[in-house]
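A.B. asks: The sequence and its predicted three-dimensional model are supplied below.
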Amino acid sequence: MKTVIFYTNSNGLMNKINELNILIEQYNIKIICVTETHLNPEVKDSEVLLENFKIYRVDRKNGQKGGGSCIFIHKSIDAELCSNFNAPESVGLDLKINNHFLKIVCLYRSQNLENVEQYKLLSQVENLNINQSEDLLLFGDFNFNSVNWDSLTVDCNENTRDHNLILQRQYLDAFSSKGLTPVLQNGTVTRRRMVGDNLQESHLDQVLCSNEDIVLSAETVSPVGKSDHLGILVEIKLNNNIQYIQTQKENWSKFPTAKIQSLGADINWQYSSNILSSNEMWVELASKIGQISSHVPKMNLKSTKNGDIITKVPWDCTALKRKRKEKDQAWKIFDSSPAAQTFNVALQKQEEFENLQSKKVTEYEKKIVGAMKTKPKVFYSYLQKKRKIKESVSALKDEFGKLSSSPEQAAGLLASFFASTFTNEPMGPLEEKCYVAPENEIGDLIISHDVVKKLLLKLDQSKSMGPDGIHPKLLATLSTNNQFVEAITLLFQKCYSSKEMPLVWKTANVTALHKKGSKTDPCNYRPISLTCILCKVYETIIRSHIFEHVSHLISKKQHGFMPARSCLSNLLESIDIINDMLSTGEYVDIFYLDFQKAFDTVPHFRLIEKLKSYGLSGTILDVIADFLSNRTFQVLVGNAHSNHHCVTSGIPQGSVLGPLLFVLYINDLPDHILNSVSLFADDLKMYGPSSKNDTLQADLDELAAWQDTWLLRFNTTDGKCKVMHVGSHNPRNKYYLDSVELPKIDSEKDLGVLVSENWKWDQHISSIVKKATSMSAWVLRTVISRSPEVMLQIYKTFIRPHLEYCVQLWSPLPTHGNWGMIMAIENVQRQFTRAIHGIGLLPYKIRLQKLGLTTLLERRARGDLIETFRILSGIADYGSSLLQTSRSGRNLISRPGDQGNFKFPFFSRRVVHYWNKIPLFVRNSENTNQFKNRLDKFRELNLGQNGHYWELSLEIFNRINDDNRHNYVNFVQNNPVFAHLNHISTHLN
């Protein structure tokens with residue numbers, strides 16, 4: 001057995017990834033070393049990641065272009081960075097291959113390095129530690145023009161004073177001292193390029209090894225892409241011995257609906273007895289469902305011991321592999337018969353391969369965009385894979401600092417940590433003030449056949465299975481069978497009447513998601529729970545019944561998990577109240593308070609007492625008590641799992657009922673506060689005039705008392721609770737929560753919007769423009785297709801949302817002083833549409849027309865009108881104080897104080913003029929979609945009229961200087977390098 005290593009100087013890695021994926025399969029490569037990657041910190045690892053590989057990279061520093069090295073290691077190989085190797089633009093790894101230790105170094109020695117860097121690189125080579133039990137392989141582009149690799153000498157006078165020649169000699173001395181010998185013979189061509197009409201060949205790349213016995217063979221192959229360096233394939237005598245785990249997974253996408261229905265019709269769904277327990281009924285039902293699941297087609301999967309699934313690139317095909325082999329063969333023919341004819345043939349084969357590769361990737365991208373309506377997850381996962389690396393949990397440290405040696409150990413460490421976060425609740429009666437008599441008791445619940453059927457039919461079939469192994473597609477498809485629905489209904493009714501759920505519904509499979517910090521620390525992982533689908537359907541019925549009873553009791557200050565409320569409603573209402581304070585000359589203090597592991601620490605006994613105060617009693621209360629009790633979880637790491645751990649506190653993660661229970665648990669909290677407060681789930685925001693600092697501190701003391709009673713603690717230790725002082729002359733008072741002084745901040749991400757103490761939105765706008773611009777650059781680097789269909793879908797899905805999140809809050813008025821921000825936002829769309837084939841050189845206005853887009857300024861005004869309709873029509877459950885109507889109720893009027901200094905950009909002022917221009921038949925729409933359609937139709941029919949919101953686009957077009965467009969177009973067409981660097985498509989339809 002052998003392990004294949006590939007090396008190349010890529011002369012820019014970004015556009016070589018697809019070809020490297022083909023090479024990996026063609027030659028069964030497990031390690032790839034690349035020099036001259038030309039990467040920088042803006043390029044994410046995920047953008048250059050190869051299928052089934054990890055990447056270790058060192059980029060050129062100081063923002064300079066070019067240079068850099070990286071090593072790709074197959075996920076089945078254990079690897080870590082060399083602790084004693086820190087060379088410029090080079091990377092070293094310690095590998096373990098089948099109990100054999102191997103050190104791999106990928107080195108790039110640029111001739112442009114300053115002397116200090118040159119000798120730093122040399123010293124790192126000299127100081128390489130090679131243990132007796134390990135071997136060293138050194139790959140690199142050394143740029144040694146005068147070295148004879150057979151004799152390991154430099155072709156020069158012994159007394160030369162040429163600094164470069166002396167340096168080459170010192171490197172050879174270092175290699176000799178380490179016992180390194182060259183693998184490629186002297187004169188082997190590793191670089192080939194045309195200089196004018198002359199072919200220039202040189203030997204700049206080399207492979208050196210400390211143990212010749214492990215090298216089976218080494219050969220050069222054709223370049224990757226248009227690099228002028230050849231690739232080098234090295235086979236080493238180390239059996240990788242990859243311990244793949246062969247598994248079979250049910251391929252539900254290949255299981256026809258008609259087949260499921262046919263199999264379901266042949267099953268008798270009646271239970272064997274009328275006196276079965278809920279768990280016994282479940283066992284019978286699951287057994288019958290399993291009879292159908294056994295017919296699902298299987299697909300074979302290969303994964304590593306850590307659970308990384310081995311996959312292929314989706315556009316891989318035989319034709320691509322054949323073209324790559326033809327390219328290799330053409331270069332070999334040239335090597336044996338160097339002539340102009342064979343050289344041109346090799347170049348032609350190289351171009352044929354690149355063209356076919358680009359065509360296949362483009363076709364795939366068009367295919368997944370075309371299937372967006374039926375298979376949206378394919379499109380999203382394709383881009384997300386390029387955006388973020390989904391890494392499996394690897395080795396974790398225990399409390400003594402020892403690393404886990406298996407996935408089972410890692411799962412156990414995570415499970416122990418997650419279990420340690422639960423609250424130990426003292427039992428016994430609470431203080432008398434905690435017991436509140438309910439206004440009225442909840443009614444009894446009736447679970448009907450029709451309700452169950454409706455919920456089953458609506459199941460999202462793309463969701464994953466829970467611990468019971470039952471797929472939502474199976475449940476949704478079988479719900480057309482009334483006997484099956486009746487069996488589910490009877491099970492739900494039994495669960496309710498007996499106040500007892502099947503045991504499997506109380507288990508959760510937990511996967512760990514890394515947050516930030518060291519990946520070896522279990523504390524830096526967040527648990528993600530997967531529960532049973534049928535349990536969620538049952539919970540939905542319970543939740544609906546409870547919510548109907550308590551909806552009017554839930555505080556209007558709570559915007560999380562509530563229908564018709566959102567992050568936007570939270571922000572609009574709170575900012576409006578703060579604006580009112582500021583407009584009267586007050587300064588404002590805003591407190592951002594965060595609970596510590598809120599959902600995991602809700603104590604169950606206290607939760608039940610809270611529910612009683614809202615009128616939950618009898619069977620429904622016992623059902624919830626059963627839902628919370630005797631729950632367990634296990635952590636999955638790859639194909640391994642931990643032991644089951646008991647859940648002693650908290651709201652079940654991943655459940656349907658859990659969020660409502662949490663909202664009810666903290667529902668009384670605003671009642672203890674005198675100043676204004678706003679909640680979004682567990683995010684609490686309190687604000688008031690700084691002149692009333694005594695009442696603000698008293699409120700903080702009340703919150704501290706509340707946490708002591710209800711055991712839901714604020715996170716004061718990590719600086720997560722803080723205060724922002726708004727107003728230039730704010731006295732900046734000190735405040736304390738639970739005896740801890742709250743840190744002062746000058747800005748805060750409030751539900752995703754950057755709020756600053758100067759009460760302006762320029763920082764937020766600058767932030768989102770930067771993020772959207774970065775996202776645009778990422779798309780243009782990673783997506784091959786430039787077709788309007790693909791680019792428009794990507795723009796709407798991944799780029800424009802960054803510029804429109806909660807836009808009704810911060811959208812700047814089109815007035816003097818704001819146009820810089822407005823045009824900065826607009827330029828994101830302008831520049832992205834330039835990259836689209838067929839329209840890149842057209843004026844901005846024409847580009848938008850061809851794409852069916854409007855300016856972003858006009859679109860923001862349209863968004864204001866839509867939100868206004870939702871508020872005035874009552875569809876949105878908030879905002880009654882934001883807008884003021886005339887006596888007739890037809891028009892909006894400016895509210896008192898809206899002209900104040902702090903009011904100028906706010907939603908309530910921006911929307912008045914354009915709302916009053918909309919005809920009544922549009923305003924009187926029955927729902928939001930109808931309003932949108934009527935508004936767009938009104939725009940289409942009256943586009944030439946002035947005074948309406950669409951005139952804002954004319955303002956944008958007038959500010960874009962097109963006087964020199966003809967010269968600009970000619971310049972771009974005649975300068976393809978400029979067009980490429982600025983992502984301007986010169987392709988014409």
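C.D. replies: Great, that's in hand. Nothing here was measured: the structure is a model prediction, and the numbers come from that model.

A.B. asks: With Glu439 as the reference, measure out to Gly852.
C.D. replies: With distances taken as C-beta to C-beta, to the nearest Å, Gly852 is found 53 Å from Glu439. No exception for glycine: its C-beta is placed from N, CA and C like everyone else's.

A.B. asks: Which pLDDT value goes with Ser649?
C.D. replies: With respect to pLDDT, Ser649 scores 90.

A.B. asks: Touching, it and Val602? I think so.
C.D. replies: Yes - when contacts are counted by C-beta atoms under 8 Å, Ser649 is listed as touching Val602 (6.3 Å).

A.B. asks: So those two - more neighbours on which side?
C.D. replies: Between Ser649 and Val602, counted using other C-beta atoms under 10 Å, Val602 has the larger neighbour count: 27 against 21.

A.B. asks: my guess is the more buried one meets Gln653, correct?
C.D. replies: No - under the criterion of C-beta under 8 Å, Val602 is not in contact with Gln653, lying 11.4 Å apart.

A.B. asks: Strands of the stretch 251-400 of the chain, start to end?
C.D. replies: For the stretch 251-400 of the chain, applying DSSP state E, counting those that start in this stretch gives strands covering 298-303.

A.B. asks: Secondary structure element for Leu136, which one?
C.D. replies: strand 134-141 (DSSP states H and E).

A.B. asks: what domains does the record give for the chain?
C.D. replies: Using automatic domain parsing, the domain parsing of the chain gives 3-242, 245-303, 338-391, 552-603+649-759, 762-981.

A.B. asks: got CSV for those, with distance to Gly517 too?
C.D. replies: Listed next are these as CSV, based on distance: least, C-beta to C-beta, whole Å:
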stretch, distance to Gly517
domain 3-242, 17
domain 245-303, 27
domain 338-391, 14
domain 552-603+649-759, 12
domain 762-981, 23
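
A.B. asks: what's the following helix or strand past the strand holding Leu136 in contact with?
C.D. replies: For strand 134-141, the succeeding helix or strand toward the C-terminus, using DSSP H and E, is strand 147-148. The contact list for strand 147-148 (C-beta atoms under 8 Å, 6 or more residues apart in numbering) reads 153-155, 168, 172, 186.

A.B. asks: Name the residues that touch the following helix or strand past strand 147-148?
C.D. replies: Once strand 147-148 ends, the next helix or strand along the chain (criterion: DSSP H and E) is strand 153-154. Residues outside strand 153-154 that contact it (C-beta under 8 Å, 6+ apart): 146-148, 165, 168-169, 172.

A.B. asks: show me where the stretch 51-200 of the chain has strands.
C.D. replies: With DSSP E, counting those that start in this stretch as the criterion, the stretch 51-200 of the chain has strands at 53-58, 69-74, 78-81, 91-97, 100-108, 134-141, 147-148, 153-154, 181-182, 191-195, 198-202.

A.B. asks: low-confidence ranges in the stretch 101-250 of the chain?
C.D. replies: By pLDDT under 70, the weakly predicted segments of the stretch 101-250 of the chain are 239-248.

A.B. asks: just the contacts of strand 147-148 now: which is nearest Asn927?
C.D. replies: Nearest to Asn927 among these is Gln168, at 76.6 Å by C-beta to C-beta.

A.B. asks: I'd guessed the closest one sits against Ser146; true?
C.D. replies: Yes - between Gln168 and Ser146 there is a contact under C-beta under 8 Å: 6.1 Å.

A.B. asks: Mind checking which of these two has more residues around it?
C.D. replies: Neighbours were counted for Gln168 and for Ser146 using other C-beta under 10 Å; Gln168 has more, 22 against 14.

A.B. asks: Contact partners for that one?
C.D. replies: Here Gln168 is in contact with 144, 146-147, 154 (criterion: C-beta under 8 Å, 6+ apart).

A.B. asks: check contacts around Leu952.
C.D. replies: Applying C-beta under 8 Å, 6+ apart, the residues near Leu952 are 814, 855, 857-858, 861.

A.B. asks: Wasn't it part of a helix?
C.D. replies: Yes - counting by DSSP: H, G, I helix; E, B strand; the rest coil, Leu952 is found in a helix.

A.B. asks: which residues touch the helix or strand where Ile17 lies?
C.D. replies: Assigned by DSSP H and E, Ile17 belongs to helix 17-27. By C-beta under 8 Å, 6+ apart, the surrounding residues in contact with helix 17-27 are 4, 6, 29, 32, 48-53, 72, 224-225, 231, 233, 312-313, 315-316, 320-321, 324-325, 353-354, 357, 361, 784.

A.B. asks: what's the answer for stretch 91-106, then?
C.D. replies: By C-beta under 8 Å, 6+ apart, stretch 91-106 touches 3, 5, 7, 31, 33-35, 56-58, 69-71, 73, 77-82, 85, 90, 128, 130-131, 133-140, 236, 238-241.

A.B. asks: quick one: terminal-to-terminal distance for stretch 655-673?
C.D. replies: End-to-end distance for stretch 655-673: 30 Å, by C-alpha to C-alpha, to the nearest Å.

A.B. asks: Same question for it: list its buried residues.
C.D. replies: By 16 or more other C-beta atoms under 10 Å, the buried positions in stretch 655-673 come out as 655-670, 673.

A.B. asks: next one: stretch 455-467
C.D. replies: By 16+ other C-beta under 10 Å, the buried positions in stretch 455-467 come out as 455-456, 459, 465-467.

A.B. asks: Taking those, tell me the two that lie furthest apart.
C.D. replies: Using C-beta to C-beta, the two most remote members of those are Leu455 and Pro467, lying 20.1 Å apart.

A.B. asks: What are the boundaries of the strands in the stretch 551-700 of the chain?
C.D. replies: 588-594, 631-637, 640-641, 645-647, 676-680, 683-689.

A.B. asks: closest to Val828 out of those strands?
C.D. replies: Here strand 676-680 is closest among the strands of the stretch 551-700 of the chain (C-beta to C-beta), at 27.6 Å.

A.B. asks: need the helices for the stretch 151-300 of the chain, in chain order.
C.D. replies: According to DSSP state H, counting those that start in this stretch, the stretch 151-300 of the chain carries its helices in the segments 163-177, 257-265, 278-293.

A.B. asks: For this structure, spot the helix or strand the model is least confident about on average.
C.D. replies: strand 245-250 (a mean of 65; mean pLDDT, DSSP states H and E).

A.B. asks: can you tell me the helix or strand for Ser754?
C.D. replies: No Ser there; residue 754 is Leu. Here Leu754 sits within strand 753-756, counting by DSSP H and E.

A.B. asks: Show me just the buried residues among the contacts of Gln168.
C.D. replies: Buried among the contacts of Gln168 (16+ other C-beta under 10 Å): 144, 147, 154.

A.B. asks: how much does the helix ranked longest in the chain deviate in direction from strand 191-195?
C.D. replies: Identified as the longest helix of the chain according to DSSP state H is helix 340-370. Interaxial angle, helix 340-370 versus strand 191-195 (axes from the mean of the first three to the mean of the last three C-alpha atoms, to 10 degrees): 100 degrees.

A.B. asks: helices or strands next to helix 340-370 in the packing?
C.D. replies: helix 17-27, helix 318-336, helix 376-387, helix 788-794 (3 or more C-beta pairs under 8 Å, 6 or more residues apart in numbering; DSSP states H and E).

A.B. asks: For the helix or strand following the third one, which helices and strands make contact with it?
C.D. replies: Moving toward the C-terminus from helix 376-387, the next helix or strand (DSSP H and E) is helix 407-420. Under the contact definition 3+ C-beta pairs under 8 Å, 6+ apart, helix 407-420 sits against strand 507-514, strand 525-530, strand 631-637, strand 640-641, strand 645-647.
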